[in-house]
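Q: compute the structure for the input listed below.
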Amino acid sequence: MTDSTIASAAGATPAALPRKKLFIRTFGCQMNEYDSQKMVEILAAATPGGLDKTERPEEADVILFNTCSVREKAQEKVFHDLGRVKDLKKLNPELLIGVGGCVASQEGAAIVERAPFVDMVFGPQTLHRLPELIAKRRESGRPQVDISFPEIEKFDRMPPARVEAASAFVSIMEGCSKYCSFCVVPYTRGEEVSRPFEDVLTEIAELAVKGVREVTLLGQNVNAYRGVMGRSGARGGEGAAVADLATLIEYIDEIPGIERIRYTTSHPREMTQALIDVYGRVPKLVSQLHLPVQHGSDRILAAMKRGYTALEYKSVIRRLRAVRPNLSLTSDFIVGFPGETAKDHELTMRLIDEVAFDGAFSFVYSARPGTPAADLADDTPAPEKSARLSQLQQRIDELFLDYSRAMIGRTERVLVEGVSRKSASELAGRTENNRVVNFAAGAHGERLIGQYVDVRFTEAAPHSLRGEMVVTD
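A: Down below sits the predicted model:
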């Protein structure tokens with residue numbers, strides 16, 4: 001039954017079956033984007049006749065919501081979206097509806113209790129079991145819930161990646177063991193678990209053969225990676241050697257075809273000297289780093305249980321820029337954490353100017369049920385929080401534009417990602433510091449997609465660059 005998961009037809013062969021359609025909506029981080037792509041690949045491989053994505057839920061045979069619980073009211077948003085597809089189930093009783101991701105991990109069977117028309121509920125660590133859950137749903141007639149934490153099994157059972165672009169995400173670890181007081185990730189994705197070293201290298205080598213030129217290594221705390229080396233100890237046998245992220249990057253550097261290496265998201269406590277030193281030895285490691293600081297006040301950082309001070313964070317940045325002076329740094333900020341005062345906020349603003357961040361994701365604090373911070377007194381008025389967020393984001397935007405203007409006149413190799421959203425006659429590329437640059441391709445056209453080209457930057461917009469391609473003989 002596990003191979004006849006989505007469609008069945010008495011006496012029909014797989015070749016005779018029509019292709020099915022999947023609608024999937026993804027919320028949250030790049031890890032969720034990666035997980036959603038894997039859901040597509042897993043279901044496509046397990047569906048007789050094949051399966052295609054659709055942007056229209058009303059024509060789908062399977063509807064999946066891959067959820068995120070980081071922001072406030074995430075659960076309510078899930079039920080709102082479910083309510084919008086509920087009637088589709090009445091029109092098509094064979095329609096399968098599933099909820100995955102972190103909200104699913106948090107809520108579990110409560111989702112089915114509130115929305116009985118949901119067929120599958122699965123956590124981030126059990127998305128690989130989707131075909132089995134669908135088969136059991138069809139066999140039993142009952143909704144299936146699996147929010148367990150089978151650790152490395154998820155990676156072992158992933159199908160080979162489908163390459164659709166010259167860049168690719170590669171998940172190298174899952175979970176988090178830091179237990180920051182505001183964060184639900186350890187409870188929804190589990191403790192930190194790293195993929196075996198050789199498994200990661202094999203996947204990246206296969207991607208390179210298929211045309212991938214840039215990889216982004218993913219993990220909740222990706223620089224906490226500790227992958228077991230050697231096939232004999234591939235599952236963590238006693239005495240097995242372990243590779244850290246620095247070692248992994250140096251090995252990826254040797255893979256033919258890979259020209260750029262990125263990783264996200266990092267934790268300041270795991271920014272070791274060995275990893276810092278790699279920036280001086282591996283030019284393929286981009287001069288851009290996302291390193292969340294969350295706040296500039298030591299008092300608030302302690303309440304957040306981040307495990308470092310603002311001075312220690314700045315020390316990490318100084319050491320990084322000593323070996324890579326042009327390093328572009330982005331970060332995360334939480335505004336209005338319980339107990340935050342105007343002085344605490346000013347310390348954050350001071351840190352932003354001292355470090356000169358090149359971008360940030362910033363949010364007003366929202367209590368997540370089940371986290372220690374949810375029990376803290378939160379007496380800062382909402383308008384004050386909003387004003388502080390606006391001030392912070394305005395300063396970040398100013399710094400971003402300053403960096404962009406400083407790039408005017410510079411020529412850089414960019415990875416061409418596709419046709420520009422602004423003009424069908426132009427191409428869009430990605431710079432090393434993660435900016436989009438739009439430029440005219442002339443007679444070269446779409447054949448440049450997936451290639452690296454030299455672009456001279458000519459204009460800076462608030463969120464992108466304009467440039468012109470430099471053609472050399």
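Q: state the distance from residue 339 to residue 362.
A: According to Cβ to Cβ, to the nearest Å, residue 339 stands 18 Å off from residue 362. All C-beta spots, glycine's among them, are computed from the backbone N, C-alpha and C.
Q: and residue 328, what is it in contact with?
A: Counting by Cβ atoms under 8 Å, 6 or more residues apart in numbering, residue 328 touches 287, 288, 289, 358, 403, 432, 433, 434.
Q: pLDDT-wise, which helix or strand of the chain ranks last?
A: Lowest on mean pLDDT, DSSP states H and E among the helices and strands of the chain sits helix 153-156, with a mean of 68.
Q: who touches the helix or strand following that one?
A: Counting by DSSP states H and E, the next helix or strand C-terminal to helix 153-156 is strand 167-171. For strand 167-171, the external contacting residues (Cβ under 8 Å, 6+ apart) are 30-31, 33-34, 37, 155, 161, 195, 200, 203-204, 207, 212-219, 260, 415, 417, 430.
Q: pull out the buried members of the contacts of residue 328.
A: The neighbour-count criterion (16 or more other Cβ atoms under 10 Å) marks 287, 288, 289, 358, 403, 432, 433 among the contacts of residue 328 as buried.
Q: wait, isn't the last one in contact with residue 287?
A: Yes - with the criterion set as Cβ atoms under 8 Å, residue 433 and residue 287 qualify as a contacting pair; they are 6.6 Å apart.
Q: all strands for the stretch 351-473 of the chain, in order.
A: Applying DSSP state E, counting those that start in this stretch to the stretch 351-473 of the chain gives strands spanning 360-364, 411-419, 426-430, 436-440, 452-460, 465-469.
Q: repeat for the stretch 201-350 of the chain
A: Ranges of strands in the stretch 201-350 of the chain, per DSSP E, counting those that start in this stretch, are 214-218, 226-228, 242-244, 260-264, 288-290, 328-335.
Q: does anything pack onto the fourth one? Which helices or strands?
A: Just to be clear, that refers to strand 260-264. Counting contacts by 3 or more Cβ pairs under 8 Å, 6 or more residues apart in numbering; DSSP states H and E, strand 260-264 is packed against strand 214-218, helix 245-252.
Q: rebuild these as a markdown table, extending it with mean pLDDT, distance to residue 373 and mean neighbour count.
A: Shown next, in a markdown table, are these (pLDDT from 0 to 100; distance: least, Cβ to Cβ, whole Å; neighbours: other Cβ atoms under 10 Å):
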| stretch | mean pLDDT | distance to residue 373 | mean neighbour count |
| --- | --- | --- | --- |
| strand 214-218 | 96 | 25 | 22 |
| helix 245-252 | 98 | 28 | 21 |
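Q: TSV for those, including distance to residue 147?
A: Shown next, in TSV, are those (distance: least, Cβ to Cβ, whole Å):
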stretch	distance to residue 147
strand 214-218	21
helix 245-252	28
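Q: those: which one's closest to residue 389?
A: Judged by Cβ to Cβ, the one of those that comes nearest to residue 389 is strand 214-218, at 27.0 Å.
Q: give me the angle between that closest one and strand 426-430.
A: Following axes from the mean of the first three to the mean of the last three Cα atoms, to 10 degrees, one obtains 50 degrees for the angle between strand 214-218 and strand 426-430.
Q: distance of residue 143 from residue 114?
A: In terms of Cβ to Cβ, residue 143 sits 12 Å off from residue 114.
Q: more neighbours, these two?
A: Remark: of residue 143 and residue 114, residue 143 carries more neighbours, 21 against 13, as counted by other Cβ atoms under 10 Å.
Q: for the closest residue to that one other than its chain neighbours, which three-state class applies?
A: With sequence-adjacent residues excluded and distances taken as Cβ to Cβ, 6 or more residues apart in numbering, residue 143 is closest to residue 112, at 4.6 Å. Of the three states, residue 112 takes helix under DSSP: H, G, I helix; E, B strand; the rest coil.
Q: touching, residue 112 and residue 142? I think so.
A: No - between residue 112 and residue 142 there is no contact under Cβ under 8 Å: 9.1 Å.
Q: one step back: possible to save the strands of the stretch 351-473 of the chain as JSON lines with mean neighbour count?
A: Below are these laid out as JSON lines (neighbours: other Cβ atoms under 10 Å):
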{"stretch": "strand 360-364", "mean neighbour count": "18"}
{"stretch": "strand 411-419", "mean neighbour count": "18"}
{"stretch": "strand 426-430", "mean neighbour count": "21"}
{"stretch": "strand 436-440", "mean neighbour count": "21"}
{"stretch": "strand 452-460", "mean neighbour count": "18"}
{"stretch": "strand 465-469", "mean neighbour count": "20"}
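Q: nearest to residue 134, of the ones you listed?
A: The minimum distance between residue 134 and the strands of the stretch 351-473 of the chain falls on strand 411-419, with 32.7 Å, by Cβ to Cβ.
Q: pull up the pairing partners for the closest one, direction included.
A: strand 426-430 (antiparallel), strand 452-460 (antiparallel) (DSSP bridges).
Q: just the CA atoms of it, as PDB, please.
A: Taking Å, rounded to 0.1, in the frame of the first residue of the first chain, the C-alpha atoms of strand 411-419 are listed here in PDB:
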ATOM      1  CA  THR A 411      32.300  44.800 -10.700                       C
ATOM      2  CA  GLU A 412      31.400  41.500  -9.200                       C
ATOM      3  CA  ARG A 413      30.600  38.000 -10.300                       C
ATOM      4  CA  VAL A 414      26.900  37.300  -9.700                       C
ATOM      5  CA  LEU A 415      25.000  34.100 -10.100                       C
ATOM      6  CA  VAL A 416      22.200  34.600 -12.600                       C
ATOM      7  CA  GLU A 417      19.000  33.200 -11.100                       C
ATOM      8  CA  GLY A 418      16.400  34.000 -13.700                       C
ATOM      9  CA  VAL A 419      14.400  36.600 -15.600                       C
END
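Q: next, the angle from it to strand 465-469.
A: Using the same axes, to 10 degrees: strand 411-419 against strand 465-469 is 100 degrees.
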